[in-house]
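**Q** structure for the following, please:
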Amino acid sequence: MNLELQRKLFSIVRKPAKYKEHPSIILPDALKPIEIERLFFSENTYHVLELGCGWGEFALEWINRFPEHEYIAMEVKADRIKKILKKIDKKNIKNLKIIPINFQWFFEEIMPENSFDFVIINFPDPWPKRRHWKHRLIQKPFLEVLYRILRNHGMVYIATDYGPYARKILSLFRKSPLYLPVVPWPNYLRKRPAIFPESKFEVITSKTNQPYYTLWKKV
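**A** Coordinates of the predicted model:
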């Protein structure tokens, strides 16, 4: 993406909207890393990032299970964000914040280095047609970006229901010198580990496809 286009898209993201005024919303001021103080109350807490949180069911349950964690969720669809904010208000949740932008456009620019202990990617778009593979989120450069934003020994959790994409993801991580597998060979599970909540998309897709789950640790 060229810089001019990126700036135009960012100006669209920055357009005012009532839900963007909510205290749980973090809207970047510019195409530069967000200050750590805006993301978290403390540097000493456990920092979690979810890319594409949907309706927030995974994030909300995670906070319910681990109330001491600080959780950042990225989601671009306004209707989903509004529903999450209603639940945040209803439950008076302070440690779940939302960045309402498309992470495939601005992720590298706005995320500060060494800031997260755990990154969650639930069912990224598989872009199954070969000519669309370039749009896939998880590619070699993305692994390098993740590495930079993870703190020491930070981890990445990925779930997908599309076999060819799962195999590509595994191949990328196995070849990377930046990560070590947390899950024993063949480095994936077909049953979701009990520690992880169930996402809405997983409920839908698991009726027809058995998902793949994999977990990798920063070296």
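
**Q** only C-alpha atoms for contact and neighbour calcs from this point on.
**A** Fine.

**Q** is Ser171 in a helix, a strand, or coil?
**A** With DSSP: H, G, I helix; E, B strand; the rest coil as the basis, Ser171 sits in helix.

**Q** quick check: the residue sitting furthest away from the middle of the chain vs Leu27, distance?
**A** Within the chain, Glu4 marks the point farthest from the mean C-alpha position, 25.6 Å out by C-alpha atoms, centre = their mean. Distance, Glu4 to Leu27, using C-alpha to C-alpha, to the nearest Å: 20 Å.

**Q** then Tyr213?
**A** From Tyr213 over to Leu27 (counting by C-alpha to C-alpha), the distance is 31 Å.

**Q** which of these two has more residues huddled nearby?
**A** Tyr213 (21 against 16; other C-alpha atoms under 10 Å).

**Q** for the strand or helix carrying the more buried one, give me every contacting residue.
**A** According to DSSP states H and E, Tyr213 maps onto strand 212-218. Strand 212-218 has contacts (C-alpha atoms under 8 Å, 6 or more residues apart in numbering) with 147, 150, 152-163, 166, 170, 173, 178-183, 187-192.

**Q** among those, which ones are in helices?
**A** 147, 163, 166, 170, 173 (DSSP state H).

**Q** where along the protein do the strands fall?
**A** Secondary structure of the chain (DSSP state E): strands at 47-51, 70-74, 96-99, 116-122, 150-160, 179-181, 212-218.

**Q** what distance do you get for Glu43 to Pro186?
**A** From Glu43 to Pro186 the distance is 35 Å (C-alpha to C-alpha).

**Q** the two: which has the busier surroundings?
**A** For Glu43 versus Pro186, neighbours defined as other C-alpha under 10 Å are more numerous around Glu43 (13 against 9).

**Q** quick one: pLDDT of that one?
**A** pLDDT, the model's per-residue confidence, is 94 for Glu43.

**Q** give the contact list for it.
**A** Counted by C-alpha under 8 Å, 6+ apart, Glu43 has contacts Ile36.

**Q** make residue 1 into 11 and carry on from there
**A** Yep, numbering from 11; the last one is Glu53 now.

**Q** show me what the residue positioned nearest the centre of the chain is bridged to.
**A** Per C-alpha atoms, centre = their mean, the C-alpha nearest to the average position across the chain is that of Leu61, at 1.9 Å. Leu61 forms beta bridges with Met84, Ile131, as assigned by DSSP bridges.

**Q** again, but for Ile109
**A** Met84.

**Q** got the contact list for Lys107?
**A** Lys107 sits in contact with 34-36, 49, 81-83, where contact means C-alpha under 8 Å, 6+ apart.

**Q** wait, I meant Lys87
**A** Pro110.

**Q** what do you get for Val58?
**A** Counted by C-alpha under 8 Å, 6+ apart, Val58 has contacts 79-82, 126-130.

**Q** tell me which of those is nearest to Pro110?
**A** Ile82 (10.5 Å; C-alpha to C-alpha).

**Q** correct me, but that closest one touches Lys104?
**A** No. Contact between Ile82 and Lys104 fails when scored by C-alpha atoms under 8 Å: they sit 11.1 Å apart.

**Q** can you pick the most crowded of the contacts of Val58?
**A** Neighbour counts for those (other C-alpha under 10 Å) peak at Phe126, which has 28 neighbours.

**Q** isn't that one up against Arg161?
**A** Yes. The pair Phe126 / Arg161 is scored as a contact, 5.5 Å apart, by C-alpha under 8 Å.
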